[in-house]
Each structure stands twice: as structure tokens, then as C-alpha cells.
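**Student:** I'll drop the sequence and a predicted model, then ask my questions.
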Amino acid sequence: MAVKSEQPQINQETRYEALRQASGVIASQADLNGVIENLAGFLPAVVDFEFLGVVLYDAERQVFRLHAFGGDLSNKSEVGTEIPLTEEEAVILQDQKPVVINDIEKETEYADIVARARPYGVRSTCLLPLTSPRRRLGVLVFGNTRQKDYGEEDLKLMSTVADHVAVALENALNYEEARSYQQLLARERDRLRLLLEVNNNVISHLELSDLFQAVSSALRDCFHHEYTGLWLLEEEQLRCVGIDFPSNRGFIQQVQRVNVTPSDLAEMRARTTKLIRRDYIAQLPAAIAAPALAENLRSGVLIPLVVGSKPLGILTLGSTSESAFLQEELGLLQQVGNQVALAMGNALAYGKVSEARDQLNTEKTYLEDEIRYDRNLEDIVGNSPALRETLSKAELVATTDATVLLMGETGTGKELIARLIHSRSSRRERTFVKLNCAAVPSGLMESELFGHERGAFTGAIAAKSGRFELANRGSLFLDEVGDISLELQPKLLRVLQEKEFERLGSTRTIKVDARLIAATNRNLSQMVANGEFREDLYYRLAVFPIQLPPLRERREDIPLLVRYFVDRYARRMKKTISEIPEPAMQAMVDWTWPGNIRELQNFIERAVILASQERLDVPLEELSSPRTGRGVAGSTRTLTLQELERDAIRDALQKTHGRVGGPRGAAALLGLKRTTLQSRMRLLNIKSFEDGPSQ
């Protein structure tokens, strides 16, 4: 923007014509730089000067700011320089009168202006106020490095130039303000559109994974970034809900959990949205920092998600650019975070309600099944010393939450004792859940105990709660616990010690509070010695062992049990049985009952079926040894083929604990097909030990 230092005398007509042209061109410019460029092009034909300057007044800060400086001295001052406002310059603005200094060496009135001009070699200068009808804009400065006598005509022309420049500057400033306001409105529109989209996602998504994908997509439309992550706060740890990183080269994997420090929690509660750079990323835990740096993430934002004063988690954004996020955008991002926090709170509440509903539905179904299959808890019948000792131990341990191990032969009533312990405990209002470990294939045992997620294995079309979840705050009865495989025993030990587990196919840890009551008819200590059962699990189960007596050790209870079962089945079959023959009763007392109470129960049921009058018809021929054929009177006789077949089947069922099918079932032991054995059992009126309730 150089200007000639020497200028020939310009006639008046030429000056006014140049001023007229300059006025039209200046007025047509919409921005400040265009105004200054045109001034430099036209003003030399109007005013004699070597340099010119435009300084605008900042009323808020009480300073001048240099917006243009042209001529031979332009390299000595930088556009944008702030110049403190002196009293002399304030007078120019206040009085709206120009200041003319023809020779600064002789000037005594404007000492501050002289002191500011002297370092630039200025000898003469003229300062004219720039004022529009709306405001006082600043000062237009003309100057020369030589003495110059500005006459009245010069001052008149320069004042006219200043008026035109003021109008042009007003237009330019108004244009810039309008453009700035337009940009502000556009940003506000984008902000409101983003908040509306996020708000719609709050309403329409109640699953955390779906919510995350929707919010991530909305943010990517408004901010230029590559990475989005959502983290949920759980017990002073952040659990990753999801990562959206399409350009991932494979370095970033989904980190499951990250520890949170007390200072991190304080920042989250304070809703401190943090802009981070590469050096901050490098200080993060290695599991996060190493892959992030490998992916060349250079900047990011940490947005705390808080509802009320409760922190729920963090929304993280990342970019490979150094300046993807600006400081002025943090307010908008925090507003987004507030809405995401509300959505997350809703999703978590919905998840808890859904889990509670599913839990209640599953418990309802389980209890209905219990009733349907006649699993009602009934009084324990008997008054023998052995039974009273067992009941005393059960009553004693019931008031605690200790793990109980019930040991005894099959059919001795271990389930009834377990139910008694539950009904006398503080958990009696919650669910009593039962699982017969011997009746579940080993491949499905983990799913039965701990549940599974959808797709965890072939056929898992929906998520399912396990027995431990069903028994939360209640009691879980594991019958035949010795049949649990060695591979699954460590997980059972963990849930007993740590009160936590993961569903099959899931990495989410579930806390559970279930009281375990285990039962077995096997010698667990011998299994430990043989390497068939974990020693640490055995000791964890046997915190309070109770040995249940077999029926042959409590013969004084047999008459009570006989009358109990007779009354029970007679009511069911709508019969009236008032007489039990004494020989038959004595025979039943003398019999060893290898199947214990379950065998007695099935025997009485057959006797009630056979009874045609009010007298119990007891099939005494069944109360004989399969090996010797010795009956109740001690005589020997030859057993029929049907009796031998019945005894063989009953003996096989007893050895396999009532299991019919499978590689360890009675059918395999007898060398028969499962369907063939079931047909023979129906023909001989033999029931599996699993069909009737334990006593």
C-alpha cells in the first residue's frame, strides 16, 4: 500500500472529481480491508500524504486498535496493535474536531501525539474523527515525513474524506457484525438441532447399546471426530458400554474396566467437561493410552454424565486432529452430556425394572412348576431320637446364613430338611430354588446355575437367568452336588466366596446374595481323595454338615409314616381306609427299606391302589430280599420272572439315583433302551425315584 512521497500540485477540480469517485467506490465495499485498499488507491489524488492510518475505538476497553496502516511506514507498525487512549485523543472523539500538526518539532499543545509520532520519523500529521450517526468509530490519520502546511481547503477536503470513510467503515462494521451474527445463528441452529436429535434419542432408546449408537451418530454429524466411547460407572470403576471407531486399525480393543480415582469422581460430580491433548492421553492407564497413541489420536473431550449429584459415567470423543474440538464448544458438549446422562439414567432404571420383572416372572413360573409337580412343603413325620437330633441341628443353623451340607442315603428326606432350614431363616419371604445336579446334563449345568446370554451357544435364542439369580436374597438347594463336574466347580467356589459370577457368554459381573444348601448321598471326602472333587470346594460346602439317618435307624417312625402316607393317598384316590393289619405293619417295621422313605412312600401308594375295602391290602411278597427270596416269615420260595424283573429294575434305579436315561442311567446299566425300560416300568407299576417328592 505504498504512497508516493512527493506529489505534484493538484488542481481543485481534479481533487473533487477524485473525491467523488473515491466516495462511490468506498461506499460499495462491504468489508473493512476493501475500504482501506480503495483509500490507498484514490486518496493520493485528493490529499497530499505519505502514510495513512485507521484506528478504531474500543469503548469497552478504552483503547484504540490499529486496523490499517499504509504508506512508506507500514512496515513499522502491525495491524491489530492496541494503542492506549490518551487525553488528547479522547478530546478528538469528544469534541469531534480535527487536530492538525504541521511541524511536530514546534508543537507544544499535543505532547502525547508528538511523542507517539516521533519514533516513526513523522514530521507533520492530521487526525480527523471518524463518526457515524450511530457511534464514534475512531480516528483517520494522515501524515508526512516532511513539514507540511495543511491549509483550510486541505482540512475541508480531509474532513469530507473522513465523513465518507466513516460511512464506509460503518457499513463494513455492520456487515461484519451481521455476518458474525449470522454465523452465531447458524451455530445456534446446529446446536439446537443436535440437542433435539439427542433428546429424541433419549425418548426412543431405552437400551444402553442402542442409545450409544444413536448419540454417536448425532455427534458425528456436528463434530469432526473419529472416536466415540461410552463408559458406565460401577463401584468406582468405569465399564465400557460401547466404542464407535470406524477407522480403527485394530489397536483399540474394548477395554472392559478402568479404575476411577477420588479426584476423577470429584471432577465428574462437578460436571467438568475436559478438553484433552496428546500429552494428557499419554498419561492415561497403559491399557488405554497405548492403543490410543497407536491410533494417532491427538485430541479429545471427556464429558461427565451426571444426574443430580450422582455420576453415571463418561462420554468420550477423540480425533486424530490437533484442533478438532474448540474451547467454546465445551458448553454445547456438556449440554449434550446432560441429555445423555438423563437417557442413561432412564435406560439403567428401565434395565433394573426389566430385570426385576423377568425375575418375578421366572420365580412365578418356578413356583407354579413346584406346585404343579406336588412339591409342597409338608410336616416332617417322626419322633425318633435320630430324627430329633437332625431337626435340632437344622433349627440351629437355620438362623444363620452358613452353607449347609446335607448327607445321607437316597430317599432320606434331604429336600424336606433343606426347605425346613429355609422356612426358619430370615430369607423365608424370598424364593427357595432347587436344582438336582444329577438330572442335568453336564454341558447345560453352567447355564442352569449361572444363566446365559442370547447367542451364548446353539439354541440360546434369549437371555436366561440362572438358579443363583433366581435365589438372590433367598435359598438355593443343590441336590446331588457331587455330580457337578470338576470344570464347573471353580466357578461354584467363586460364587460362594465372592458372591459374584458372570453369565455364560457375558463379561458383566453379577452380584448375588444366595444362601446355599447342598445335599449328596455320595462320600465327598472319598471323592476328594480320589481327585473327583475339589478339596477347597468341599470345605466351603461342609461349613455345617448334617447327617440324615436312614429309615432303618429310625424304625419307631415307620408306623407314623405308614399312617401318614395311607391318609394322603386315600384322600387323593377318594378311598376310606381305616384298618392296617398288624402283621403288615410289623412286616414294614422289620423291612430294611434300602430306598428309605421314598421306597416306603411308593410301597404305600401301591397298597392303597390294591385296597378294595377299608382294609389296607399290603403286598407282603414284595418285602423280601431279591437275593435270598426270604419273605416276612423267614421262609424261602422261588421268585417269579416278573418279581425278578421288578427287583432288577428297582435295584438299577437305586444305584443310579433314580436316573432312567443317559450314559449313567438305569437303562444303560440294564443294557436296555430308555423307551423299553420306561415301558417295562409302567407295566410293573414302578416309578423313578425322581417322580415322587423326597421325604
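**Tutor:** Good, I have the coordinates. This one's a predicted model, so the numbers in the text were calculated from it and none came from an experiment.
**Student:** In space, not sequence, find me the middle residue of this structure.
**Tutor:** The central residue of the chain, meaning the one whose C-alpha is nearest the mean C-alpha position (C-alpha atoms, centre = their mean), is Leu232 at 4.3 Å.
**Student:** which ones are touching Ser321?
**Tutor:** For Ser321, the contacting residues are 224, 298-299, taking C-beta atoms under 8 Å, 6 or more residues apart in numbering as the criterion. Quick note: C-beta positions are derived from backbone N, CA and C, even for glycine.
**Student:** Show the buried residues in those.
**Tutor:** In terms of neighbour count (16 or more other C-beta atoms under 10 Å), the buried residues within the contacts of Ser321 are 298-299.
**Student:** Export the contacts of Ser321 as CSV, with columns for distance to Ala115.
**Tutor:** Formatted as CSV, these follow (distance: C-beta to C-beta, whole Å):
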residue, distance to Ala115
His224, 50
Arg298, 48
Ser299, 47
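**Student:** Moving C-terminal from the helix or strand hosting Asp221, which element do we reach first?
**Tutor:** Mapping Asp221 onto the secondary structure by DSSP states H and E places it in helix 208-222. Scanning forward in sequence from helix 208-222 by DSSP H and E, the next helix or strand is strand 227-233.
**Student:** what does that following strand rub up against?
**Tutor:** Residues outside strand 227-233 that contact it (C-beta under 8 Å, 6+ apart) are 208, 212, 215-216, 219-220, 238-245, 252, 258, 260, 268, 295, 297, 300, 311-319, 340, 344, 348.
**Student:** Parallel or antiparallel, which strands does that strand pair with?
**Tutor:** Strands that pair with strand 227-233, judged by DSSP bridges, come out as strand 237-244 (antiparallel), strand 310-319 (antiparallel).
**Student:** Sort out which residues of the last one are buried, please.
**Tutor:** Within strand 310-319, the residues that qualify as buried are 311-319, counting by 16+ other C-beta under 10 Å.
**Student:** ok, so of the residues you listed, who is nearest Val589?
**Tutor:** Comparing these against Val589 with C-beta to C-beta picks out Leu312 as the nearest, at 68.0 Å.
**Student:** Let me know the distance separating the closest residue to that closest one other than its chain neighbours from Leu541.
**Tutor:** Closest residue to Leu312 apart from its sequence neighbours, by C-beta to C-beta, 6 or more residues apart in numbering: Leu305 at 4.7 Å. The spacing between Leu305 and Leu541, counted by C-beta to C-beta, to the nearest Å, is 43 Å.
**Student:** mind saving the C-alpha coords of stretch 174-182 as PDB?
**Tutor:** What follows is stretch 174-182, C-alpha atoms only, in PDB (Å, rounded to 0.1, in the frame of the first residue of the first chain):
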ATOM      1  CA  ASN A 174     -22.300  -3.500  10.200                       C
ATOM      2  CA  TYR A 175     -21.600  -6.100   7.600                       C
ATOM      3  CA  GLU A 176     -19.100  -7.900   9.800                       C
ATOM      4  CA  GLU A 177     -21.500  -7.800  12.700                       C
ATOM      5  CA  ALA A 178     -24.300  -9.200  10.600                       C
ATOM      6  CA  ARG A 179     -22.000 -11.900   9.300                       C
ATOM      7  CA  SER A 180     -20.800 -12.700  12.800                       C
ATOM      8  CA  TYR A 181     -24.400 -12.800  14.000                       C
ATOM      9  CA  GLN A 182     -25.400 -15.000  11.100                       C
END
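**Student:** ok, what's across the strand from the residue nearest to the centre of the chain?
**Tutor:** Arg239, Gly313.
**Student:** Retrieve the pLDDT associated with it.
**Tutor:** Confidence per residue is given as pLDDT, and for Leu232 that number is 85.
**Student:** what mean pLDDT does stretch 472-482 have?
**Tutor:** With pLDDT averaged residue by residue, stretch 472-482 scores 92.
**Student:** can you confirm Gly459 is in a helix?
**Tutor:** No - with DSSP: H, G, I helix; E, B strand; the rest coil as the criterion, Gly459 is coil rather than part of a helix.
**Student:** so what's it up against?
**Tutor:** Applying C-beta under 8 Å, 6+ apart, one finds that Gly459 lies in contact with no residue.
**Student:** Quickly note the distance from the nearest residue to Ser323 once chain neighbours are set aside to Arg271.
**Tutor:** In space, and not counting its chain neighbours, Ser323 is closest to Ser299: 6.9 Å by C-beta to C-beta, 6+ apart. In this structure, Ser299 and Arg271 are separated by 20 Å, where distance is defined by C-beta to C-beta.
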